[in-house]
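Novice: Generate a structure from the sequence data that follows.
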Amino acid sequence: MKEKIEQIKKSSIEEIKKSETQKELAETKVKYLGKKGELTLVLREMGKLTPEERPIVGKLVNEAKSEVEAKLEEVGTAIKTK
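Specialist: Model (predicted):
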């Protein structure tokens, strides 16, 4: 699970970096953070985990979401100033 979260985070940040318009950025945000986004799906799978694993995985997902949101903000600001 940890590897999956790390892979999602890496691919989302790479995709964000490649975004050149606000539309592309918004689509990437939905793809990873939206209602049916990849990180959201990981959170839904947490019910299958043991009670000991849940807080660890939850923390990893929240950290990944924070990093992705920060990168979205950073790139969004850069696109606006172009």
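
Novice: pLDDT of stretch 73-80, averaged?
Specialist: Throughout stretch 73-80, pLDDT has a mean value of 93.

Novice: Tell me the buried residues in that stretch?
Specialist: Val75, Gly76 (16 or more other Cβ atoms under 10 Å). For the C-beta atoms, the positions are set from N, CA and C on the backbone; glycine is no exception.

Novice: cool, stretch 29-43 as well?
Specialist: Lys29, Tyr32, Leu33, Gly37, Glu38, Leu39, Val42.

Novice: Next, format those as TSV and append secondary structure, pLDDT and distance to Thr21.
Specialist: Converted to TSV, these look like this (DSSP: H, G, I helix; E, B strand; the rest coil; pLDDT from 0 to 100; distance: Cβ to Cβ, whole Å):
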residue	secondary structure	pLDDT	distance to Thr21
Lys29	helix	96	13
Tyr32	helix	96	17
Leu33	helix	96	18
Gly37	coil	96	19
Glu38	helix	95	21
Leu39	helix	94	22
Val42	helix	93	27
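
Novice: Cool, thanks, signing off.
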